[in-house]
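A.B. asks: got a predicted model here, sequence first, then my questions.
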Amino acid sequence: DAGVTQSPTHLIKTRGQQVTLRCSPISGHKSVSWYQQVLGQGPQFIFQYYEKEERGRGNFPDRFSARQFPNYSSELNVNALLLGDSALYLCASSFRREVWTEAFFGQGTRLTVV
Amino acid sequence: AQTVTQSQPEMSVQEAETVTLSCTYDTSESDYYLFWYKQPPSRQMILVIRQEAYKQQNATENRFSVNFQKAAKSFSLKISDSQLGDAAMYFCAPAYAGGTSYGKLTFGQGTILTVHP
């Protein structure tokens, strides 16, 4: 069985640009969450989507947005990139909205903003 | 706000020895779950062990066990018979069943574990 897959694995963007990150959850999982992990720190919650609706949002500016598609895959969009957006972006999927059913993480997308 | 503190930025252990990683958290929620995740250099976050707060019995998973002290809001991870493959960054992460933090993991700052042969 395929695990959580994220694409791309790495990318480099320039300040002010926009970026889209993609996540495919484990088959049958309906919840996708996004986390930002700055180098040397723990991941910070950005969004949770369940059944294609936003169910939770962390303390991030409106430049961050996301959506979930009918096949439960998800995209995270970041507009007007800042240097501080450079981080590892992790996607986690779980069967239910309640993350304690066990969240499985992808390998992340390393975003570098120059 | 929910906070998670891992007071040991780095720990080291000899292969086959035992090491304990500490974690404290602050919450007013009564229903929550606690997780330890491992993040090796490959970057993928891997679940190590899970503890339900309503259970008094400490969780164990092979060489991994926890010491859960609910009143003290402490959740430490003990790794027995350490192996080279245990070297990674370890994160403590509560997940709360209510309030504004419902449905999300709140991660600590992490502890880098080095295993010496």
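C.D. replies: Sure, I can see it.

A.B. asks: pull the contacting residues for the residue most central in space within chain A.
C.D. replies: Among the residues of chain A, the one closest to the centroid is A:Trp34, at 3.2 Å (CA atoms, centre = their mean). Residues counted as contacts of A:Trp34 (CB atoms under 8 Å, 6 or more residues apart in numbering or on different chains) are A:23, A:45-48, A:66, A:74, A:76, A:89-92. Placement of C-beta: from N, CA and C, glycine included.

A.B. asks: give me the beta-bridge partners of it?
C.D. replies: Beta bridges link A:Trp34 to A:Phe47, A:Cys91 when assigned by DSSP bridges.

A.B. asks: measure the residue nearest to B:Thr18 when sequence neighbours are not counted to B:Met11 for me?
C.D. replies: Sequence neighbours aside, B:Ser80 is the residue nearest to B:Thr18 in space, at 4.9 Å (criterion: CB to CB, 6 or more residues apart in numbering or on different chains). Distance of B:Ser80 to B:Met11, computed by CB to CB, to the nearest Å: 14 Å.

A.B. asks: can you tell me the element whichever residue of chain B sits closest to chain A falls in?
C.D. replies: Closest residue of chain B to chain A, CB to the nearest CB: B:Phe107 (3.3 Å). According to DSSP states H and E, B:Phe107 maps onto no helix or strand at all.

A.B. asks: chain neighbours aside, what residue packs nearest to it?
C.D. replies: Counting by CB to CB, 6+ apart, B:Phe107 lies nearest to A:Gly42, which is 3.3 Å off, once chain neighbours are set aside.

A.B. asks: wait, is that neighbour part of a strand?
C.D. replies: No - counting by DSSP: H, G, I helix; E, B strand; the rest coil, A:Gly42 is not found in a strand; it is coil.

A.B. asks: can you map out the strands along the chain?
C.D. replies: Looking at chain A here, since you left the chain open. A:5-7, A:10-13, A:19-24, A:31-37, A:44-50, A:53-57, A:64-68, A:74-78, A:87-94, A:104-105, A:109-113 (DSSP state E).

A.B. asks: not quite, I wanted chain B
C.D. replies: Counting by DSSP E, the strands of chain B are B:3-5, B:10-14, B:19-21, B:24-26, B:32-39, B:46-52, B:60-61, B:64-69, B:74-79, B:88-96, B:111-116.
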